[in-house]
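J.: My questions are about this predicted structure, shown below with the sequence.
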Amino acid sequence: MTVIGNLRIDGPLALAPLAGYSDLPFRLLCRRMGAALCVSEMISCHGLVYRQSKTLSMIQSCAEERPVSFQLFGADPVIMAEAAAIIASCGPDVVDINMGCPVKKVTKRGAGAALMKDLKQAERIVCEVVKNSRCPVTVKLRSGPELNHICAGEFAIMAENSGAAAVAVHGRTWHQGFSGSADWSVVADVKQRVSIPVFGNGDILSYDQAVQQMQQTGCDGILIGRAAIGNPWIFSGSDRPAELSAVCSVVLEHLALIERFSDSPARALGSIKNHLGKYFRGMEGSARIRKAVYQQPDWSSLKKFINYLKENNDKTSQ
């Protein structure tokens, strides 16, 4: 049991924010598989304040997925405060501030990991978001801007002093992006420096590995990101099933959730196929299956194909 402010979450593993992936259907699926908390995709503070329809759709939620965390990004404390107030009206359980994204289109505006070079501006943002939120505020950060400037500990102390209820630390620097290896000693160091919960993030590929890192670093929980794409079983303590029919059952559950919460699944067919294709990585005949997934011309054909795979498991594995 981990407590974030006044929120108790019933397990140590959470779904990290994943641009293009951690929408409501996938978050719900991960919750069903055992994720104790799910974090939304990064949400632009400007998009919320300007009421852009695509951005507003990203704060879609339902009671079934609670608890849920909505993640904001931006570099302007005033706009971030306004966006936090808008999100508060939707009643999330947590508001998360992204100070760790290394993607250029985010950092060139001074947001994401770029804030790790500006402690004072980061502090102003945390303070303003906390003042305008009705729920606990957390901060996602990296180990530092670059390898010769590791400052996660200093940042975590600032976040705690500014009212943050927890921090999540990705053990890579801004300039590393997703290259190299995550340095979990940084997570352990942050845990020693603050009294609020600390979540670790980076290179977790299995449930057992997550448990091992918690034991070694003393962190309170683990955020799992890329390893959950196509493998929501990672939150359950078991590996992805070896049987194609069992995998297809969960793929069909994912498709049903997309249908339930999307006005027009067909409009996002390309990205949905990309997501679904990842369920079959490493399986026998996976290249052929993924190619067939991508070739399906419409939503109905995609569902029929997955059902065919499920019902003809023996034939398709030959």
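T.: Good, I have the coordinates.
J.: Helix, strand or coil: sort out residue 116 for me.
T.: helix (DSSP: H, G, I helix; E, B strand; the rest coil).
J.: Against residue 231, how distant is it?
T.: To residue 231, residue 116 is 30 Å away according to C-beta to C-beta, to the nearest Å. Placement of C-beta: from N, CA and C, glycine included.
J.: Settle it for me: which of these two has more neighbours?
T.: residue 116 (25 against 21; other C-beta atoms under 10 Å).
J.: just checking, that one touches residue 139?
T.: No - Residue 116 is not in contact with residue 139 according to C-beta atoms under 8 Å; the separation is 10.7 Å.
J.: Identify the contacts common to those two.
T.: Residues touching both residue 116 and residue 139 by C-beta atoms under 8 Å, 6 or more residues apart in numbering: 99, 155.
J.: Could you list the low-confidence segments of this structure?
T.: 314-318 (pLDDT under 70).
J.: Scan it for its longest helix.
T.: helix 244-261 (DSSP state H).
J.: Now residue 253: closest residue in space, sequence neighbours ignored.
T.: Leaving out its chain neighbours, the residue that sits closest to residue 253 by C-beta to C-beta, 6 or more residues apart in numbering is residue 29, at 6.5 Å.
J.: what's the distance between that neighbour and residue 254?
T.: On the measure of C-beta to C-beta, residue 29 and residue 254 end up 5 Å apart.
J.: quick one on the thing from earlier: to which secondary structure element type does the residue nearest to residue 253 belong?
T.: Per three-state DSSP, residue 29 ends up helix.
J.: residue contacts, residue 139?
T.: Contacts of residue 139 (C-beta under 8 Å, 6+ apart): 96-97, 99, 126, 155-156, 159, 164, 166-168.
J.: Angles on the backbone of residue 3, please.
T.: phi -110, psi 120 (degrees, to the nearest 10).
J.: was I right about it contacting residue 197?
T.: Yes - applying C-beta under 8 Å, one finds residue 3 in contact with residue 197, separated by 7.1 Å.
J.: So between the two, which is more surrounded?
T.: Between residue 3 and residue 197, residue 197 has the larger neighbour count (other C-beta under 10 Å), namely 20 against 14.
J.: which residues touch the more buried one?
T.: 2-4, 165-167, 220-221.
J.: And residue 271, by the same measure?
T.: residue 20.
J.: do the same with residue 130
T.: Counted by C-beta under 8 Å, 6+ apart, residue 130 has contacts 137, 162-164.
J.: So it: helix, strand or coil?
T.: Per three-state DSSP, residue 130 ends up helix.
J.: separation between it and residue 216?
T.: 31 Å.
J.: same question, residue 57
T.: 40 Å.
J.: And residue 87, by the same measure?
T.: Applying C-beta to C-beta to residue 87 and residue 216 gives a distance of 34 Å.
J.: try residue 42
T.: Residue 42 is 29 Å from residue 216, by C-beta to C-beta.
J.: Equivalent analysis for residue 49, please.
T.: Applying C-beta to C-beta to residue 49 and residue 216 gives a distance of 41 Å.
J.: next helix or strand past the helix or strand containing residue 38?
T.: Taking DSSP states H and E as the criterion, residue 38 maps to strand 37-44. Using DSSP H and E, the helix or strand that follows strand 37-44 in sequence is helix 45-49.
J.: Only C-alpha atoms, please: export that next one in PDB.
T.: C-alpha atoms of helix 45-49 as PDB (Å, rounded to 0.1, in the frame of the first residue of the first chain):
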ATOM      1  CA  CYS A  45      -1.600  23.000 -20.700                       C
ATOM      2  CA  HIS A  46      -2.100  25.300 -23.700                       C
ATOM      3  CA  GLY A  47      -4.400  22.800 -25.400                       C
ATOM      4  CA  LEU A  48      -6.600  22.700 -22.300                       C
ATOM      5  CA  VAL A  49      -6.700  26.400 -21.700                       C
END
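J.: For it, name the packing helices and strands.
T.: helix 53-57, strand 68-73, helix 77-88 (3 or more C-beta pairs under 8 Å, 6 or more residues apart in numbering; DSSP states H and E).
J.: repeat that for 7 Å
T.: helix 77-88 (3 or more C-beta pairs under 7 Å, 6 or more residues apart in numbering; DSSP states H and E).
J.: Dump the helix it packs on to PDB, restricted to CA.
T.: The C-alpha coordinates for helix 77-88 follow below in PDB (Å, rounded to 0.1, in the frame of the first residue of the first chain):
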ATOM      1  CA  PRO A  77       3.300  28.700 -14.400                       C
ATOM      2  CA  VAL A  78       0.200  30.800 -15.100                       C
ATOM      3  CA  ILE A  79      -1.000  28.600 -18.000                       C
ATOM      4  CA  MET A  80      -0.100  25.400 -16.000                       C
ATOM      5  CA  ALA A  81      -2.200  26.700 -13.100                       C
ATOM      6  CA  GLU A  82      -5.200  27.400 -15.400                       C
ATOM      7  CA  ALA A  83      -4.900  23.900 -16.900                       C
ATOM      8  CA  ALA A  84      -4.700  22.300 -13.500                       C
ATOM      9  CA  ALA A  85      -7.900  24.100 -12.500                       C
ATOM     10  CA  ILE A  86      -9.600  22.700 -15.700                       C
ATOM     11  CA  ILE A  87      -8.400  19.200 -15.000                       C
ATOM     12  CA  ALA A  88      -9.600  19.500 -11.400                       C
END
